[in-house]
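Asks: next come a sequence and a model predicted from it.
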Amino acid sequence: MNIIIFAHSDSSPYQRLNHAIASLDLDQSFEVYGQLNQFCQRFRTIAHQPDIIIIMPDGAEELDRLIHHRELFENTRTIVILPQREETLLSKGHKFRPSFLTYYDGDFGEVAAVLQRVCLNQAPCHHTHDRIC
């Protein structure tokens, strides 16, 4: 399974996510991008799309910039992890049509569980705002 993550790798939320994913012991490869231009360039230049992407913007401005480029990865399963529990951010996060949406203060074990389900070729769990839809 190939996973691409857009996050600032030195941030505490990313470190928590990385720990949760590492606990799965899955056979996967990760690509982590902290710069939007590099993240977008990856989708423009490589024909093979990842199995799943995880987007962890650090705020509303970065989320807006990601939304502007969402057509690059619109056919890829997406997990969105938002920095705050604000209605405007939630609305914007749904523009990615994510398989799963949570927050920095959420349980990243749930993100790991979604990844595990994808890895096992099961239908992804569809969660929104920490509730099952």
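Replies: Sure, I can see it.
Asks: state the helix or strand in which residue 4 lies.
Replies: Under the criterion of DSSP states H and E, residue 4 resides in strand 2-6.
Asks: beta partners for the residue positioned nearest the centre of the chain?
Replies: For the chain, the residue nearest the mean C-alpha position is residue 54 (1.6 Å; CA atoms, centre = their mean). Per DSSP bridges, the residues bridged to residue 54 are residue 5, residue 79.
Asks: that one contacts residue 13, doesn't it?
Replies: No - counting by CB atoms under 8 Å, residue 54 does not reach residue 13; the two are 11.0 Å apart. C-beta here means a position set from N, CA and C on the backbone, and glycine is covered the same way.
Asks: give me the below-cutoff pLDDT ranges for the protein.
Replies: Low-confidence segments of the chain, defined by pLDDT under 70: 26-28, 121-133.
Asks: neighbours of the nearest residue to residue 17 once chain neighbours are set aside, how many?
Replies: In space, and not counting its chain neighbours, residue 17 is closest to residue 108: 5.0 Å by CB to CB, 6 or more residues apart in numbering. By other CB atoms under 10 Å, the residues close to residue 108 number 21.
Asks: quick one: contacts for residue 108?
Replies: By CB atoms under 8 Å, 6 or more residues apart in numbering, the contact list for residue 108 reads 16-17, 19-20, 81, 102.
Asks: just to revisit the earlier point, which ones are touching the residue nearest to the centre of the chain?
Replies: With CB under 8 Å, 6+ apart, residue 54 has these contacts: 3-7, 17, 78-81, 111.
Asks: ok so, going back, quick check: neighbours shared by residue 54 and residue 13?
Replies: Counting by CB under 8 Å, 6+ apart, the shared contacts of residue 54 and residue 13 are 7, 81.
Asks: quick one, strands of the chain?
Replies: 2-6, 29-33, 52-55, 77-82, 100-103, 127-128, 131-132 (DSSP state E).
Asks: tally of neighbours for the closest residue to residue 69 other than its chain neighbours?
Replies: In space, and not counting its chain neighbours, residue 69 is closest to residue 40: 5.0 Å by CB to CB, 6+ apart. As a burial measure, residue 40 scores 18 neighbours (other CB under 10 Å).
Asks: how close does residue 40 sit to residue 65?
Replies: Noted for residue 40: a distance of 9 Å to residue 65, by CB to CB, to the nearest Å.
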